[in-house]
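[1] Everything below, folded, please.
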Amino acid sequence: MADPNDTPDETPETPDPEAPAGDKGPDDQASTPEAQLAQARRRQAGAEAARQEAHRQLLAAQAENDRLRALTQTAGDKEADALKRAEDRAAEAEQRAATAEAKAEARILDAKYPAARAELPEVTDEVRLAKFEAMLRDEEPAEPAASPKPLGNNPTRSSQAPAPKEDTPETIMARLRTMRDPNIPGSFDQ
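    Okay, the predicted model is just below:
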């Protein structure tokens, strides 16, 4: 295992100052310092132009990304809001239905067990209400049921009906004159 404090036996190779000029890159062939300075400035200007173009493209891509993200989030938010509203409406409708059902059930129980519901309005179990109703009815004094008295609207009919009147010839003729047909000439005119 190597000790981190050990120094390597080999030293990195350094360029040989005696190496021929042909081994250098094509950019290093400028001989005068002014030419080298001009070349460095051209490189720097090209690098700066490339950096500015990359920065412009980055800003354009970020703006496009933000715009698309806003559209996506807006559509998602709209769907979430619509879903939330629908869930709220469904919950309200269920609550209204439950309240209406409870009121209807209470009315039915009030009609079936009036004494028990008057004493115990919070009880909704029909079996318990029936027991309480029976107990409360046993406690009340029972009044004798009186037979209903006729009001005289339908008096009993007598077995003797009035005898029909006998028609006389004059009454028959008067009745026939009222029934006379004007299209028949000379009928019943005497």
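
[2] Report the next helix or strand after the lengthiest helix in the chain in sequence order.
    Scanning the chain for the helix with the most residues, using DSSP state H, yields helix 33-112. Proceeding N to C from helix 33-112, the next assigned helix or strand is helix 114-119, under DSSP states H and E.

[3] Contacts for the following helix or strand past that following helix, please.
    With elements assigned by DSSP H and E, the helix or strand that comes after helix 114-119 is helix 126-139. Here helix 126-139 makes contact (Cβ atoms under 8 Å, 6 or more residues apart in numbering) with 109, 112-113, 115-117, 119-120, 123. Every C-beta, even on glycine, is put in place using the N, C-alpha and C of the backbone.

[4] hmm, back to that, the longest helix of the chain - contacts with which helices or strands?
    Counting contacts by 3 or more Cβ pairs under 8 Å, 6 or more residues apart in numbering; DSSP states H and E, helix 33-112 is packed against helix 114-119, helix 126-139.

[5] Now mean pLDDT, distance to Ala70 and mean neighbour count too, for those, in CSV please.
    Formatted as CSV, the helices and strands packed on helix 33-112 follow (pLDDT from 0 to 100; distance: least, Cβ to Cβ, whole Å; neighbours: other Cβ atoms under 10 Å):
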stretch, mean pLDDT, distance to Ala70, mean neighbour count
helix 114-119, 87, 60, 16
helix 126-139, 84, 59, 13
